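**Q** need a 3D model of the following:
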Amino acid sequence: MADESCGPAKPAGTAPSQPGAHAVMCVKFGRKMEGLDRVPWKGELGQRIYENVSKEAWKLWVEHSKMIMNEYRLNPLDQQSQKIMEEQMEQFFFGEGAKLPEGYIPPRAKG
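**A** Numbers count the residues shown, from 1 in each chain. Prediction:
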């Protein structure tokens, strides 16, 4: 399943030394924001996400991915389901789904 605990840990020496140290120009929001703590998905796509997607944008994906998993009745352990999720993730961040709706206001942080 797509969450921050998925995927391999960042290789030694490439992960930020403390939370908040990794900033990215977020492809979803179009501004510099706090990046993910580690690579969230395997392979080249996971690396691109780590380098270009903020924590806030990743939260949007996690919510969107739940809808996809339910709508398509995907099994996160099935290779075909993982391929579908990877295609959807690519589209969400780097394809047609990359733009936020006009006038979108992100939800306020709880706390």
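**Q** could you use CA atoms for every contact and neighbour count after this?
**A** OK.
**Q** just give me the neighbour total for residue 72.
**A** 10 (other CA atoms under 10 Å).
**Q** separation between it and residue 96?
**A** Going from residue 72 to residue 96 by CA to CA, to the nearest Å gives 20 Å.
**Q** tell me where this protein has strands.
**A** Ranges of strands in the chain, per DSSP state E, are 23-25, 32-34.
**Q** and the last one, which residues are buried?
**A** In this case it means strand 32-34. Buried residues in strand 32-34, counted by 16 or more other CA atoms under 10 Å: 33-34.
**Q** please apply the same query to stretch 79-94.
**A** So for stretch 79-94, counting by 16+ other CA under 10 Å, buried means 81-82, 85-86, 88-90, 92-94.
**Q** restricted to helices, list those residues.
**A** Per DSSP state H, helices hold the following members of those: 81-82, 85-86, 88-90, 92-94.
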